[in-house]
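Chemist: mind looking at a prediction? Sequence and model below.
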Amino acid sequence: MSLVVAKMLGILLSAYFLNIPFEIKSRALLGILPAVSFANAPNYITAENYSNLAMFLVAALGTTVILIRVHFFHESHIHPNLQAKLASLNLESIIAPSYHLYHQALIWLIFVWMIVGFLVVSTLLKITYPQISILAFILAANLSWIFAIDVEKEIEITRSVQ
């Protein structure tokens, strides 16, 4: 839901701040969602690029928040000082088990990579600027790498316990 909202807000805000004329038509898609119509293709492409960037940034931000939780607030490898500090602040509920955190991280990474795929296809169709697709790919690869490092750390912890 947040990605759809980011996409729509990206279109509307880019049209507003860049003074791109647009028209909102009601009941366009499935009789529920509105449609935004632009006067010409260059205006559409400009608004589409900013909305694509906004949508990707929201997905990357959501993934980053989850990866921060995975790295710092993971019950199997939380630093004892941090755990004591959280306990003193009555915030122990922030600490989460592996399954919960990895499940969330995987879902967010899937969204990020789906958006990267969408951006690449959109770039091939000459709608999205290549720089946006390249930036999205680099960020998605780095987020995936950070997640992989934590999974590897979890595997090492599991092996050392057994």
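Modeler: Good, I have the coordinates.
Chemist: now the helix or strand Ile146 falls within: buried residues?
Modeler: Element membership of Ile146 [criterion: DSSP states H and E] is helix 130-161. For helix 130-161, the neighbour count (16 or more other C-beta atoms under 10 Å) marks Ile132, Ser133, Leu135, Ala136, Leu139, Ala140, Leu143, Ser144, Ile146, Phe147, Asp150, Glu154 as buried. For the C-beta atoms, the positions are set from N, CA and C on the backbone; glycine is no exception.
Chemist: which residues does the last one contact?
Modeler: If you count contacts by C-beta atoms under 8 Å, 6 or more residues apart in numbering, Glu154 has them with His74, Ser76, His77, Ser98, Tyr102.
Chemist: the second one now?
Modeler: With C-beta under 8 Å, 6+ apart as the criterion, the residues that contact Ser133 are Val116, Leu119, Val120, Ser122, Thr123.
Chemist: can you list contacts of stretch 93-105?
Modeler: 63, 66-67, 69-70, 73-76, 78, 83, 86, 147, 151, 154.
Chemist: for those residues, which ChimeraX command selects only the ones that are buried?
Modeler: Buried residues within those, by 16+ other C-beta under 10 Å, are selected in ChimeraX with:
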select :63,66,67,69,70,73,74,78,86,147,154
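Chemist: tell me which of the contacts of stretch 93-105 fall in strands.
Modeler: In strands, judged by DSSP state E, none of the contacts of stretch 93-105 are found.
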